[in-house]
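In: Kindly generate the corresponding structure for this input.
(one chain, ligands or ions: 1)
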Amino acid sequence: MRPEPNGARGPRDDDVTITPCADGPLLVRGDFRIVDPDGTPIDPGRDTVALCRCGRSGRKPFCDGTHQRVRFAAGPSAHRCAASD
Ligand code: FES
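Out: Numbering: from 1, shown residues only. Now for the predicted structure:
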């Protein structure tokens with residue numbers, strides 16, 4: 001993220017934003033790219049994705065909602081994410 005003309009740091013169109021959801025996935029927005037350990041691209045299929053951080057998804061690296069069933073607890077500092085986030 002580059003500084004704005006006034007010196008403040010703000011979002012840019014080409015920035016990537018990662019939002020940790022409370023007891024859930026990491027929401028990734030922006031101009032991102034996902035690759036497997038060999039560097040092979042993984043098509044996210046959309047501009048915003050939810051990446052699993054509970055480790056229990058059946059479609060890793062993406063969240064499939066299993067975190068709710070297993071009652072994943074991420075800790076107190078995450079953001080409450082709505083479906084529209
Ligand atoms: S965070 Fe949703 S399935 Fe893991």
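In: Which residue ranges of the protein form strands?
Out: Here the chain has its strands, by DSSP state E, at 16-20, 26-30, 34-35, 41-42, 48-51.
In: Need the ones you listed in CSV (columns: mean neighbour count).
Out: Just so you know, the C-beta spots here come from the backbone N, C-alpha and C atoms, and that holds for glycine as well. Formatted as CSV, the strands of the chain follow (neighbours: other CB atoms under 10 Å):
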stretch, mean neighbour count
strand 16-20, 14
strand 26-30, 17
strand 34-35, 12
strand 41-42, 10
strand 48-51, 18
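In: Ok, which of those strands comes nearest the ligand?
Out: strand 48-51 (6.7 Å; CB to the nearest ligand atom).
In: how much distance is there from that closest one to the middle of the chain?
Out: Put simply, strand 48-51 sits 5 Å off its chain's centre (CA atoms, centre = their mean, to the nearest Å).
In: Next: stretch 27-36.
Out: Centroid separation between stretch 27-36 and its chain, computed with CA atoms, centre = their mean, is 8 Å.
In: Including distance to Arg71 and mean pLDDT, could the strands of the chain go into CSV?
Out: Below are the strands of the chain laid out as CSV (distance: least, CB to CB, whole Å; pLDDT from 0 to 100):
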stretch, distance to Arg71, mean pLDDT
strand 16-20, 17, 93
strand 26-30, 18, 95
strand 34-35, 27, 95
strand 41-42, 27, 94
strand 48-51, 17, 96
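In: Quick check: the gap between the residue positioned nearest the centre of the chain and Val49.
Out: Centroid-nearest residue in the chain, with CA atoms, centre = their mean: Leu27, separated by 2.5 Å. With the distance defined as CB to CB, to the nearest Å, Leu27 ends up 7 Å from Val49.
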